[in-house]
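>>> for reference, the sequence and a predicted model appear below.
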Protein chains: 2
Amino acid sequence: MQLYAIIVAGGIGKRMGTDIPKQFLELDGKPVLMHSISRFIEYNKNIEIITVLPEDQIVYWQELRKKYSFSVPHIVVKGGETRFFSVKNGLAFINSPGLVAVHDGVRPNVSIDTINRCFETARRLGNAIPVITPSDTIRMVTGDDSQLIDRQKIRLVQTPQVFDAELLIKAYNQNSRPDFTDDASVVESYGTKIHLVKGNRENIKITNPGDLQVSEALKSGAK
Amino acid sequence: MQLYAIIVAGGIGKRMGTDIPKQFLELDGKPVLMHSISRFIEYNKNIEIITVLPEDQIVYWQELRKKYSFSVPHIVVKGGETRFFSVKNGLAFINSPGLVAVHDGVRPNVSIDTINRCFETARRLGNAIPVITPSDTIRMVTGDDSQLIDRQKIRLVQTPQVFDAELLIKAYNQNSRPDFTDDASVVESYGTKIHLVKGNRENIKITNPGDLQVSEALKSGAK
C-alpha cells in the first residue's frame, strides 16, 4: 500500500517576530522543516513526500536543500491562501490508492512511534490522529464566565493526521469552513468517525518565540 | 497588605522514573523547588513564603538549603495525604489578612509578570488564576467518541492561583472532593466566581521525563 506524507509549511514568519518563516529556523544544525520531513523517511524509506510551501519561499527552499545537502527526495508544491487550500494543492499529487499523512512542517519532534501508530490505525480503520491528555487543569470560557472541565475528557490534537487517500480527497472537495482547524475536522464534517491514537508530548508546534529552544531540548527525547 | 505564597511540592518521584522527587531535580544549577520559591521573592521581597513538603523529605530539603546556600527565608510545613490537605496545612500558617498565592513547586518557570498579574487582579477582585489558550486543536472525548471543541474557548490553567486569605481559608474548610484539581475549583465550589488572567507559556509543570530539559530551555524565555 502506497504511503504519502503531505508536509504543510505555510508560515510566513510574522508570529515569531523574525523575518525567517518558522519552518526555516535552525534547530540542532538544520532547518525545522528538514527535521519534520526526515522523520517520515526514517519511518518508511518508501514513503512519498509532498512538501507544500508558500510560492515565494520555494526558490529559497531549493537553495537550503543545496546548502544543507538535504537529500531526502520530495515533491515541492505551492501553497494556497489558507491551510485548507495548501493541503488541497498537495492532494492533487496523490495519484494512487493508499494512506496519506498530513503533518505540520513546524512539528519537528514527532516520534517514529507516533507516526507508526497513526499509519497502523488508519490502515485498519481508515483514519487516525495523534492526541495527548493535557497535564494542566482545563477551563472552558463562556462569555464573561468560565467553568472547570474534566481534563481526562480533553485531548490536545497533534499531527500527522493519517487518512485513506480516497476519503481525504473526497473530504477536501467540500467548501472550506472557518471551523476546519485541522484535517480531522474536514473529514469529520464529511461524516466520518475520527480515531484517536497516542501522540508524543514532545511533538509541539513551533508557533511562539520560546518554542524553538523547547524544541531543541526535546529533540533527544523524541527519538 | 500582607502577601503570602504557599509553594506545594508533593511529588514523591515515581512519575519521573527516578528516585529523586521532581521538585529536587536540578535545573540550571539548583533544585527546581528553589527556582519556584525564588520567583516569588524576586516579585516582592516582603512576601511570606510557606513551603509544603512530604514529611519524609523535610530533612533532605534542609540539607539542600545548606548545600546550595539557599538563603530565601521560608517556613517549611509538612504535607498531607493529597494536594488538598497539603494546601490546608500551609493555610494554617496564615495569621493575618492579605493575599495568598498557591503555587506548584514544580513550576519553576513562572514569570514575574504572571505573578504580578495574579496578585494585582486578586487585590481588586478577590482572586485570580493564570491561564493560556492552547496552541493545538482540541477535542473532547465522550465514551468511545470524540468531538471538536473551539480552542478559543479552552484555557489551560497554571499557578500561582491567588486569593483573598480569608476566602481561601473558608473554602478549604469544606470536605475534599475528587474534582478539586486546583485551588480555584475549591474556591469556586464554595460559590465564588473565578477571575482569569494571562499566564506565560513557559510556565509548565514538570510531570514527565522530557519536561526538565524543556524547562531548562525555557528558563531564559521566562525572565
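Thanks, I have the structure now.
>>> C-alpha only now, for contacts and for neighbours.
Fine.
>>> how about stretch A:79-95 against chain B, any contact?
No. Using Cα under 8 Å from any Cα of the partner chain, stretch A:79-95 stays clear of chain B, with a minimum separation of 13.7 Å.
>>> how about residue A:154: what's its closest non-neighbour residue?
Spatial nearest neighbour of residue A:154, excluding adjacent residues (Cα to Cα, 6 or more residues apart in numbering or on different chains): residue B:140 at 4.7 Å.
>>> er, residue A:171 I mean
residue A:187 (5.2 Å).
>>> so how far is residue B:159 from the one you found?
Distance, residue A:187 to residue B:159, by Cα to Cα, to the nearest Å: 37 Å.
>>> these two: which is more packed in?
Taking other Cα atoms under 10 Å in any protein chain shown, residue A:187 and residue B:159 do not tie; residue B:159 has more neighbours (29 against 22).
>>> the more buried one is in contact with residue B:132, isn't it?
No. Using Cα atoms under 8 Å, residue B:159 is not in contact with residue B:132, being 11.1 Å away.
>>> what segments of chain A are strands?
Using DSSP state E, the strands of chain A run over A:2-8, A:26-27, A:30-31, A:48-53, A:75-78, A:98-104, A:127-132, A:137-142, A:145-149, A:154-157, A:161-164, A:196-198.
>>> and the pLDDT at residue A:216?
pLDDT for residue A:216: 66.
>>> and if you look at residue A:25?
87.
>>> what's the longest helix in chain A?
Secondary structure of chain A per DSSP state H: the longest helix is helix A:112-125.
>>> if you look at it, does any of it touch chain B?
No. Against chain B, helix A:112-125 shows no contacts by Cα under 8 Å from any Cα, the least distance being 14.0 Å.
>>> quick one: list the elements packing against that helix.
Counting contacts by 3 or more Cα pairs under 8 Å, 6 or more residues apart in numbering or on different chains; DSSP states H and E, helix A:112-125 is packed against helix A:32-43, strand A:98-104, strand A:127-132, strand A:161-164, strand A:196-198.
>>> mind putting the ones you listed in JSON lines, mean neighbour count included?
JSON lines is the format used below for these (neighbours: other Cα atoms under 10 Å in any protein chain shown):
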{"stretch": "helix A:32-43", "mean neighbour count": "20"}
{"stretch": "strand A:98-104", "mean neighbour count": "25"}
{"stretch": "strand A:127-132", "mean neighbour count": "25"}
{"stretch": "strand A:161-164", "mean neighbour count": "28"}
{"stretch": "strand A:196-198", "mean neighbour count": "21"}
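>>> quick one: closest of these to residue B:171.
strand A:127-132 (32.0 Å; Cα to Cα).
>>> average pLDDT for the closest one?
Strand A:127-132 comes out at a mean pLDDT of 98.
>>> is chain B contacted by it?
No. Strand A:127-132 lies apart from chain B when judged by Cα under 8 Å from any Cα; the minimum separation is 8.8 Å.
>>> got the CA positions of that strand in CSV?
The C-alpha coordinates for strand A:127-132 follow below in CSV (Å, rounded to 0.1, in the frame of the first residue of the first chain):
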residue,chain,number,x,y,z
ASN,A,127,-8.1,7.3,9.7
ALA,A,128,-6.1,8.2,12.9
ILE,A,129,-4.9,11.3,14.6
PRO,A,130,-2.4,11.6,17.5
VAL,A,131,-3.6,13.2,20.7
ILE,A,132,-2.3,13.7,24.2
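>>> residues in contact with it: which ones?
A:114, A:118-119, A:121-122, A:155-164, A:184, A:194-201 (Cα atoms under 8 Å, 6 or more residues apart in numbering or on different chains).
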